[in-house]
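Undergrad: requesting a structural model of the entry that follows:
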Amino acid sequence: MSFKPVVIIPHYNHSDTLPKVIEKLKSYDLPIMVVDDGSSEQHKITISHLVQQNVEIVYHPENKGKGAALKTGLQLAFDQGFSHALQVDADGQHDLTDVIKLIEKSQQNSTALICGLPVYGDDAPKSRLYGRKITNFWLAVNTLSLDIKDGMCGFRVYPLAQIIPILQSTKLGDRMEFDSEILVYSHWRKIPFYWVETPVKYELGGISHFQGWADNIRISKMHARLFFTMLARLFTGKMS
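TA: Modelled structure (predicted):
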């Protein structure tokens, strides 16, 4: 299959930043798909004009979670004949000048997962940094490696022919845990990883949909599931 990438943006009530993200992406001449995950009517109306800019918008009737939105987008992209999907968050935190780096790296390594490796400034909340360190520790445990350098940066290129079989055979989390969980299952499937350093910014007053205790509990449960799955794979020789 020829290299045919598409941008997938999961969206939930970020209509203030999404148009700016779309505008920056336009310079790369890539097809863009927005998966709206049950946003309020006001936000849906605000982003509806994007279809006039050749942006495909797919709607979830109710909020299911970022992971669920990505699953919908990845499967639909594959069904539409795209070979790779560039995940971009709608909140504007990513440095989109690095899109070309990720796309070029993906084109050179078509079966690999190309992941943004976040470089944080002084604006990064300490709580988010500590949470990332904990998650990255458990990712190292559950893969018995240091191959996953960051599990939570939502700026990456998925090789769809390698990723879709995971989505179709494995029950992955529907919310914030998806970003980390898909990396572990990809590692277990021997999918190569390449990392591209990229700045991440946190705007003053920016809106985060991370649900504090609820998402931390989901992520903790995910790590526990992965840990016991890893042990089972270890004892059956599947981790070698």
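Undergrad: and the residue nearest the centre of the protein?
TA: The structure's the chain has its C-alpha centroid closest to Gly154; by Cα atoms, centre = their mean the separation is 3.8 Å.
Undergrad: got the contact list for it?
TA: Remark: with contacts taken as Cβ atoms under 8 Å, 6 or more residues apart in numbering, Gly154 is in contact with 10, 66, 87-89, 94, 179. From N, CA and C alone the C-beta is placed, and that goes for glycine too.
Undergrad: buried ones in stretch 15-30?
TA: The neighbour-count criterion (16 or more other Cβ atoms under 10 Å) identifies 15, 17-19, 21-22, 24-25 as the buried residues of stretch 15-30.
Undergrad: tell me which two in the contacts of Gly154 are the farthest apart.
TA: Lys66 and His94 (14.4 Å; Cβ to Cβ).
Undergrad: who has more neighbours out of these two?
TA: A direct count of neighbours by other Cβ atoms under 10 Å for Lys66 and His94 places Lys66 higher, at 27 against 24.
Undergrad: wait, what's in contact with the more buried one?
TA: Taking Cβ under 8 Å, 6+ apart as the contact definition, Lys66 lies against 10, 12, 37, 154, 175-176, 178-179, 209.
Undergrad: ok, of these, which one's closest to Leu76?
TA: Set against Leu76, the nearest of these by Cβ to Cβ is Pro10 (12.4 Å).
Undergrad: run a quick neighbour tally on the closest one.
TA: When counting by other Cβ under 10 Å, one arrives at 27 neighbours for Pro10.
Undergrad: apart from its chain neighbours, what residue comes closest to it?
TA: Across the structure, with Cβ to Cβ, 6 or more residues apart in numbering as the measure, the residue nearest Pro10 apart from its sequence neighbours is Ala69 (3.7 Å).
Undergrad: helix, strand or coil for that neighbour?
TA: Reducing the assignment at Ala69 to three states with DSSP: H, G, I helix; E, B strand; the rest coil gives helix.
Undergrad: next up, the contacts around Val157.
TA: With contact set as Cβ under 8 Å, 6+ apart, Val157 has these partners: 5, 84-87, 102-103, 105-106, 113-114.
Undergrad: for it, what are phi and psi?
TA: Its backbone dihedrals place Val157 at phi -120, psi 120, with angles given as degrees, to the nearest 10.
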